[in-house]
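K.L.:
Turn this into a model:
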Amino acid sequence: MEEFSGYVGLSRPTVSKYFNDPSSVRKKTRDAIEEALRKSGFKPNLFAVNLNRRRSNIIGVIIPNALDPFYMALTRRIQLIAAESGFLAFVFSSDGRPDTEDDAVSTLQSMNVAGAIIAPIGTTSRNSALRALAKDIPLVYVDAPPDDEASFVGSDNRQSFGLIVDYLCRSGEPPCFFGMPEVNRNAGHRREIYVDAMETAGLKPMILDIAEGDTWDFERFAFEEASRLFERRETLPTRTIVCANDRLAFGVIAAAWQKGLKVGHGTAFDLRVAGHDDHPLSRYACPPITTVAQNYNEIGQLAIGLLLKKLGEVDDDEDERLRRDQILLKSDLMLRASA
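P.N.:
Numbers count the residues shown, from 1 in each chain. The predicted structure follows:
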């Protein structure tokens with residue numbers, strides 16, 4: 001910065017003022033700095049600048065799987081809105097590993113981030129670096145909250161599972177439940193809500209007996225477990241299966257195809273399979289998956305909005321939902337050929 005200030009012929013405070021807010025300096029000064037930037041190729045070290053600030057303009061994002069289209073869509077929305085508000089959003093993947101999540105938290109602390117949006121792993125609020133981070137900066141959770149008190153933006157599982165269970169009961173045999181590995185609180189929560197929805201309908205819940213595990217490879221897990229179940233298809237309690245998420249439904253449908261079972265709605269088919277989340281690829285499955293839709297863009301928009309509100313950057317008058325610390329969104333039923 002000292003060398004660049006000398007090169008452009010201005011004081012360092014004036015140059016720093018430009019980098020903090022280009023509109024805060026006169027046009028003639030701004031033009032001179034920008035011309036010098038083009039000629040010199042100088043770029044300020046954003047990490048050094050942020051370390052020197054009381055509060056940086058960096059926001060951290062930690063997700064379990066960078067390759068999952070759900071998290072890709074979510075983080076893209078967060079990054080776009082953060083940029084519009086003058087913040088840089090850096091995304092880290094925990095790959096579903098507690099130690100990697102802790103490493104990502106340590107990296108965020110070293111970057112002096114202003115706040116963070118986290119899709120946490122684990123079935124309970126574990127004694128991890130996240131708790132320490134929450135003491136220093138505001139956090140907003142997405143996908144699954146670590147506990148009932150955390151700031152959270154996500155789907156209203158009670159509404160969405162009630163919706164899909166009600167439809168399946170009205171349109172054919174009541175569904176049995178194909179659960180997900182215990183990788184976060186959604187696993188147990190969605191199972192409990194399925195049970196409540198069936199009992200509300202006056203029906204006995206039917207939970208399929210599948211292996212325990214903590215893998216994020218949902219498609220493989222569901223394929224292997226469904227293949228085992230289909231070896232004795234006569235023991236299935238019903239011909240309708242509702243999966244805890246669409247990625248499980250991909251595996252179940254693939255296992256059915258391999259066993260020669262037809263998946264679809266009507267007397268010509270052997271099974272009905274439904275999911276949850278409206279995964280971006282669910283409409284292109286064979287057959288396309290009946291599911292309930294999460295609004296990824298809205299979740300991302302509200303998560304960054306809630307975080308910016310905590311940072312004092314936005315007024316909750318812009319969206320009354322930001323007045324709440326936990327925002328649960330309604331889901332829509334997506335009727336497709338699988339059920």
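K.L.:
got the CA coordinates for stretch 311-331 in CSV?
P.N.:
Written as CSV, here are the backbone C-alpha positions of stretch 311-331 (Å, rounded to 0.1, in the frame of the first residue of the first chain):
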residue,chain,number,x,y,z
LEU,A,311,-24.4,-7.6,11.6
GLY,A,312,-26.5,-4.5,11.4
GLU,A,313,-26.4,-4.3,7.6
VAL,A,314,-30.1,-4.7,6.8
ASP,A,315,-33.4,-3.6,8.4
ASP,A,316,-35.9,-6.3,9.1
ASP,A,317,-38.6,-4.0,7.7
GLU,A,318,-37.4,-5.2,4.3
ASP,A,319,-38.7,-8.7,5.1
GLU,A,320,-40.8,-9.2,8.2
ARG,A,321,-39.7,-12.9,8.4
LEU,A,322,-36.2,-11.6,9.4
ARG,A,323,-37.8,-10.5,12.7
ARG,A,324,-37.7,-14.2,13.8
ASP,A,325,-34.6,-16.0,14.7
GLN,A,326,-35.9,-19.3,13.3
ILE,A,327,-37.5,-19.2,9.9
LEU,A,328,-39.4,-22.3,8.7
LEU,A,329,-40.5,-22.4,5.1
LYS,A,330,-43.5,-24.2,3.6
SER,A,331,-42.9,-26.8,0.9
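K.L.:
so how far is that stretch off the chain centroid?
P.N.:
The chain centroid and the centroid of stretch 311-331 are separated by 17 Å, computed with Cα atoms, centre = their mean, to the nearest Å.
K.L.:
Of all the residues in it, which ones are buried?
P.N.:
Of the residues in stretch 311-331, 311, 313, 314, 322, 327, 329, 331 count as buried by neighbour count, 16 or more other Cβ atoms under 10 Å. The C-beta positions use only the backbone N, C-alpha and C, and glycine is treated the same way.
K.L.:
Output the lowest mean pLDDT helix or strand found in this structure.
P.N.:
helix 46-51 (a mean of 57; mean pLDDT, DSSP states H and E).
K.L.:
Show me the strands in the stretch 151-300 of the chain, by range?
P.N.:
Listed in chain order, the strands of the stretch 151-300 of the chain (DSSP state E, counting those that start in this stretch) span 152-155, 176-178, 240-243, 272-274, 291-293.
K.L.:
if we compare those, which one ends up closest to residue 93?
P.N.:
Closest approach to residue 93 among the strands of the stretch 151-300 of the chain (Cβ to Cβ): strand 152-155, 18.7 Å.
K.L.:
pLDDT of that closest one, averaged?
P.N.:
Mean pLDDT, computed over strand 152-155, is 93.
K.L.:
Which elements pack onto that strand?
P.N.:
Applying 3 or more Cβ pairs under 8 Å, 6 or more residues apart in numbering; DSSP states H and E, one finds that strand 152-155 makes contact with strand 139-142, helix 296-310, strand 326-329.
K.L.:
Describe which strands it pairs with in its sheet and in which direction.
P.N.:
If you go by DSSP bridges, strand 152-155 pairs up with strand 139-142 (parallel), strand 326-329 (parallel).
K.L.:
Mean pLDDT and distance to residue 257 added to those, as CSV?
P.N.:
Formatted as CSV, those follow (pLDDT from 0 to 100; distance: least, Cβ to Cβ, whole Å):
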stretch, mean pLDDT, distance to residue 257
strand 139-142, 95, 33
strand 326-329, 93, 33
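K.L.:
closest to residue 40 out of those strands?
P.N.:
Closest to residue 40 of the strands paired with strand 152-155, according to Cβ to Cβ: strand 139-142, at 39.0 Å.
K.L.:
Just the residues contacting that closest one, thanks.
P.N.:
74, 115-120, 130, 133, 150-154, 299-300, 303-304, 306-307, 310 (Cβ atoms under 8 Å, 6 or more residues apart in numbering).
K.L.:
switch to 6 Å and redo it
P.N.:
With contacts defined as Cβ atoms under 6 Å, 6 or more residues apart in numbering, strand 139-142 is touched by 116-119, 150-154, 299, 303, 306-307.
K.L.:
Kindly reformat those as TSV containing neighbour count and distance to residue 17.
P.N.:
Formatted as TSV, the contacts of strand 139-142 follow (neighbours: other Cβ atoms under 10 Å; distance: Cβ to Cβ, whole Å):
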residue	neighbour count	distance to residue 17
116	26	28
117	27	30
118	30	34
119	24	37
150	18	38
151	22	34
152	23	38
153	29	35
154	20	40
299	22	37
303	27	32
306	29	31
307	29	27
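K.L.:
No further questions, thank you.
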